[in-house]
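Q: Pasting the sequence and the predicted coordinates here, then a few questions.
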Amino acid sequence: MSLAGSWTFDVVDLARMQFAFTMAFHIVFPAFSIGLASYLAVLEARWLWSGREVFINLFNYWLKVFAVAFGMGVVSGIVMSYQFGTNWSAFADKTGPVIGPLMAYEVLTAFFLEAGFLGVMLFGLKRVGRKLHFLATLMVAIGTLISAFWILAANSWMQTPAGYAVNADGQFVAADWLQVIFNPSFPYRLVHMVLAAYLTTALVVGAVGAFHLRRDQHLAGARVMFSMAMWMATLVAPIQIIAGDQHGLNTLAHQPVKIMGMEGHFDSHTDGAPLYLFGLPDQAAGKVKYAIEIPKAGSLVLKHDLDAPLAGLDTVPRKDWPPVPITFWSFRIMVGMGLLMVGLGLFSLWARWRGTLYRSRLLQLFAMLMGPAGFVAVIAGWVTTETGRQPFTVYGLLRTLDSASPLAAPAVGSSLIAFVIVYFAVFAAGVIYLLRLLAQPPQPGEQGPSSAKPTAAAGITPAVEVFLR
Amino acid sequence: MIDLVTIWAFIIAFAVFVYVVMDGFDLGLGILFPLFPAKADRDVIMNSVAPVWDGNETWLVLGGGGMMAAFPLAYAVLMPALYTPMIAMLIGLIFRGVAFEFRWRSEAKTNRWDLAFTFGSWLAALAQGIALGAILQGVHVEARHYAGGWWDWLTPFSLLTGVSLAIGYALLGATWLVLKTEGALRDRAYHLSWYLLFAILLAIGAVSIATPFLHIQYARRWFTWPNLVFTAPVPIAVAAVAVALLRSLANRQDTQPFLLTLVLFALTYAGLGISIYPYIVPQSIDIWQAAAPRNSQLFMLVGVAVLIPLILTYTAWAYWVFRGKVLAGSGYH
């Protein structure tokens, strides 16, 4: 990017903006639908097991939401799969032999499975009967998880490449497929992301439950979904903190420069590095301004030892630095959200013990405010790991500058503008439709997507109604 | 013995063909949507593909993703060469795809998602047809990358292939409606199929005449001895299928027109294959030059051999579950 006098962007900047923009929109939907597909499978299983009507009502309620969210995930995902060719053709040529097969396996083992059974899951209960329908739901849920497996294997290989060789054409080729797939950061990233998806969905379900409990604390569907969601927050949020810590240690071992960026460690510390809680990293000056720091705590977190020495960016050539202010802040946003999730889980546990789980107005307010927290944390986490990988696309081996397509800037600029306009128009409408569905409480005799018409938005409080129109 | 690279060329060609015919009738319905203004008809049309469209579109991801994996150089050259049509296609598919769910959620009187469905389907179909024409024309390659401009694809020929594919999709859509609907709606679909069949035969003729003029190699491939033994049956078969299609429309046999249209697509697709093979970027890069290393192709071949039959099986099951005519008012939504 050159900022001398006027704003001009080169092709690589524009392609990066396009990837960041389309990716940030896309990741929201899979994160939500991975969790929601599993939640739907649990609801249907509990319905089949117990025969309690509240579970099938909740299943149908969330199935309608799933249908809308899944569709948006599909169309925004196709954009991602073609973007490797359109904007990053040099990357596609060089890495295609290694990560291409991983993505092909994602299509073959996951996308087809999801799409093949989705129709039956959405519309087929009466046609195929309960057992086959549950099988379809299960296949869709498993499909979302298999999808996460392959795409995170591909992403992790870009972060911590392993099991590869380079051929005469400069392409990466696989030397050992198991090492390619199970590369050093993959297990950590997979666990961290799947837990994130489950938490994201639990927070949305919890917020919707809280919203309806505020108006009627005896509503059976709202009570069940709120209780289930709060159990998830209570149990999974602390596990996620541990998984995140382990992921961080793995990153320190394999991508130490990324950690330096995340922690704002411009300087090396021989006798325990500080933990910056807040501050303004100045990339040009190479220091963190207005820092609020805990001495030696950085070494405690990263090395689990107060006095451990930690190298800083001063040991790394400047041309290999990631953009520190972005990674520093996105990392703090993610961690902050995670801590709030733990707080919500503990609060709900206390309310549950006191018998006020469905009554506490404060808990309901907290849960509603935390509704979007999972999405914020997921996006912040991806920003951290992806910008932390810069200035490389394949860490340490292929520079972002050498990955882009040989295109004129106006081409990439025009497509970026087109995507921005289309995404805001289409996905804003989708979010409004989702909120409109969620603004209605789950009803006894709730119909799935097979109901003849969308039910009129009766019974919504006027303020919500105005907001949603 | 047939080699691995050739096997992969056929696998990618198969995935793209399945995409073309399966999403083809979905897109065809969107193209024809303005001709069915009544809401009740539109609901039936949407319900006829709602359970299967997502699976149909997945073949596009397999075609693209599979190409990046099996022929990365071709993917890396063609995508920037087809930049504008590809972006247009993706945007079209966004509008088309979300419309399936959104139109049931909108409470406005004039449903703007019906408009989005039409617009998206037209845009995607034209863009795919233009991309096909641009590939046939050939693109400017230097070393391992595309070296042309971002409007090189735009020629009268690519516009011709764009319109032709849209007509073909519309015929697939119309015959799909013949298969899946009843009453006045089916009558309209029969009526439209007549016009569309004549239009597509004209389009096939025009593209067939224009193609040999693009490159002397295309003309040699089709019109020299002994190639004629293999090429001459194609137009003859097209003519025979066209006659059979006309008869099935005249006799009002609900299943046959759709199946025969699939055969028509297969024949024209084979014709394209005859023109292009063994190139993947015509006249510049052949399939062996573009191929990924052997171990990448082998690794995927294992998955393809096991999974494609499985995928075809459960996809067929999903179609079987939703078989038969779609009745008004008893839709899935």
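A: Nice, I can see it. Numbering: from 1, shown residues only, chains lettered A, B, ... in the order given.

Q: ok, now how distant is the closest residue to residue B:315 other than its chain neighbours from residue A:51?
A: Leaving aside its sequence neighbours, residue B:315 sits nearest to residue A:116 (C-beta to C-beta, 6 or more residues apart in numbering or on different chains; 5.3 Å). Glycine gets a C-beta too; all of them are placed from N, C-alpha and C. According to C-beta to C-beta, to the nearest Å, residue A:116 stands 29 Å off from residue A:51.

Q: quick one, which of the two is more surrounded?
A: The neighbour comparison of residue A:116 against residue A:51 (other C-beta atoms under 10 Å in any protein chain shown) goes to residue A:116, with 27 against 9.

Q: Next secondary structure element downstream of whichever strand or helix holds that one?
A: Using DSSP states H and E, residue A:116 sits in helix A:112-123. Later in the chain than helix A:112-123, the nearest helix or strand by DSSP H and E is helix A:125-128.

Q: Now that next one: average pLDDT?
A: Averaged over helix A:125-128, pLDDT sits at 85.

Q: thinking again about what came up before, show the contacting residues for the residue nearest to residue B:315.
A: Contacts here follow C-beta atoms under 8 Å, 6 or more residues apart in numbering or on different chains; on that basis residue A:116 touches A:139, B:55, B:311, B:314-315, B:317-318.

Q: can I get these in a markdown table with secondary structure and pLDDT?
A: Below are these laid out as a markdown table (DSSP: H, G, I helix; E, B strand; the rest coil; pLDDT from 0 to 100):
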| residue | secondary structure | pLDDT |
| --- | --- | --- |
| A:139 | helix | 94 |
| B:55 | helix | 87 |
| B:311 | helix | 92 |
| B:314 | helix | 90 |
| B:315 | helix | 89 |
| B:317 | helix | 88 |
| B:318 | helix | 87 |
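
Q: Please pick the buried ones from the residues you listed.
A: Listed as buried from these are A:139, B:55, B:311, B:314-315, B:318; burial here means 16 or more other C-beta atoms under 10 Å in any protein chain shown.

Q: can I get those in TSV with distance to residue A:160?
A: Shown next, in TSV, are the buried ones among the contacts of residue A:116 (distance: C-beta to C-beta, whole Å):
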residue	distance to residue A:160
A:139	31
B:55	34
B:311	31
B:314	35
B:315	36
B:318	38
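
Q: after the helix or strand residue A:199 falls within, next one along is what?
A: Remark: residue A:199 resides in helix A:186-215, with elements defined by DSSP H and E. On the C-terminal side of helix A:186-215, the closest following helix or strand by DSSP H and E is helix A:220-254.

Q: Could you name the helices and strands sitting against that following helix?
A: When contacts are defined as 3 or more C-beta pairs under 8 Å, 6 or more residues apart in numbering or on different chains; DSSP states H and E, helix A:220-254 packs onto helix A:53-86, helix A:186-215, helix A:256-263, helix A:297-303, helix A:324-354, helix A:361-369.

Q: angle of that helix against helix A:324-354?
A: Inter-element angle recorded for helix A:220-254 and helix A:324-354: 140 degrees (by axes from the mean of the first three to the mean of the last three C-alpha atoms, to 10 degrees).

Q: got the angle between helix A:220-254 and helix A:361-369?
A: 60 degrees.

Q: In a helix, residue A:447, correct?
A: No: counting by DSSP: H, G, I helix; E, B strand; the rest coil, one finds residue A:447 to be coil, located in no helix.

Q: quick one: pLDDT of residue A:464?
A: We have a pLDDT of 38 for residue A:464.

Q: ugh, wrong one, residue A:459
A: 35.

Q: for residue A:295, same thing?
A: Looking at residue A:295, its pLDDT reads 87.

Q: so the spatially most central residue of chain A is in which element?
A: Nearest to the mean C-alpha position of chain A, by C-alpha atoms, centre = their mean, lies residue A:378 at 3.6 Å. Using DSSP H and E, residue A:378 maps to helix A:373-388.

Q: any idea of the mean pLDDT for that helix?
A: For helix A:373-388, mean pLDDT is 95.

Q: Show me what whichever helix or strand comes after it is packed against.
A: Next helix or strand after helix A:373-388 toward the C-terminus (DSSP H and E): strand A:392-394. Applying 3+ C-beta pairs under 8 Å, 6+ apart, one finds that strand A:392-394 contacts helix A:89-106, helix A:130-159, strand A:398-399.

Q: Partner strands of strand A:392-394 and their direction?
A: strand A:398-399 (antiparallel) (DSSP bridges).

Q: I'd like the distance from the partner strand to the chain centre, please.
A: Centroid separation between strand A:398-399 and its chain, computed with C-alpha atoms, centre = their mean, to the nearest Å, is 25 Å.

Q: Pull the residues that contact it.
A: Residues outside strand A:398-399 that contact it (C-beta under 8 Å, 6+ apart): A:91, A:94-95, A:391-393.

Q: Ok, stretch A:163-176 next?
A: With C-beta under 8 Å, 6+ apart, stretch A:163-176 has contacts from A:93-98, A:101, A:161, A:177-180, A:183, A:394, A:397, B:72-73, B:144, B:292-293, B:295-296, B:299.
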